[in-house]
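Q: here's a sequence, model it:
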Amino acid sequence: MEQSEETRGGTATIERTETTQSVEAGDHERFAHYVQKEKIMESAMTGEPVIALCGKVWTPGRDPQKFPVCPECKEIYDSLMG
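A: Next up is the predicted model:
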């Protein structure tokens, strides 16, 4: 009795292809934005997006220390702090 390809035992090698993370529009302009600390904590708990001083809306998820500070947020923050 001959077995079909599907029922015959054996091993196979699956080659893993390299995948790269797609780059979204504007990724080259990523900044660390100023947001109220309470809002960041709330976002971490609920997954809700936050609004930065400059108006950018997003859900935080990356280490802000890896990005330069948003110049617009910094300017607004400095004007509020006098």
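
Q: could you say what helices and strands the least confident helix or strand in the chain by mean pLDDT packs with?
A: Every helix and strand of the chain was ranked by mean pLDDT, DSSP states H and E. The lowest is strand 57-58, at a mean of 90. The contact analysis (3 or more C-beta pairs under 8 Å, 6 or more residues apart in numbering; DSSP states H and E) places strand 57-58 against strand 50-51. Every residue, glycine included, has its C-beta placed from N, CA and C.

Q: neighbouring strands of the strand it packs on in the sheet, and parallel or not?
A: strand 57-58 (antiparallel) (DSSP bridges).

Q: give me the next element, helix or strand, following the strand it pairs with.
A: As assigned by DSSP states H and E, the chain's next helix or strand after strand 57-58 is helix 71-81.

Q: mean confidence (pLDDT) on that next one, please.
A: The pLDDT scores in helix 71-81 average 93.

Q: cool, and stretch 34-51?
A: pLDDT averaged over stretch 34-51 gives 93.

Q: for the closest residue in space to K74 that isn't next to it in sequence, give me its contacts.
A: Once flanking residues are discounted, K74 sits nearest to Y34: 7.2 Å by C-beta to C-beta, 6 or more residues apart in numbering. The contact partners of Y34, by C-beta atoms under 8 Å, 6 or more residues apart in numbering, come to 52-54, 69-70, 73-74, 76-77.

Q: Y34: what secondary structure?
A: coil (DSSP: H, G, I helix; E, B strand; the rest coil).

Q: from T59, how far out is it?
A: 16 Å (C-beta to C-beta, to the nearest Å).

Q: check K74 too.
A: Using C-beta to C-beta, we find K74 at a distance of 22 Å from T59.
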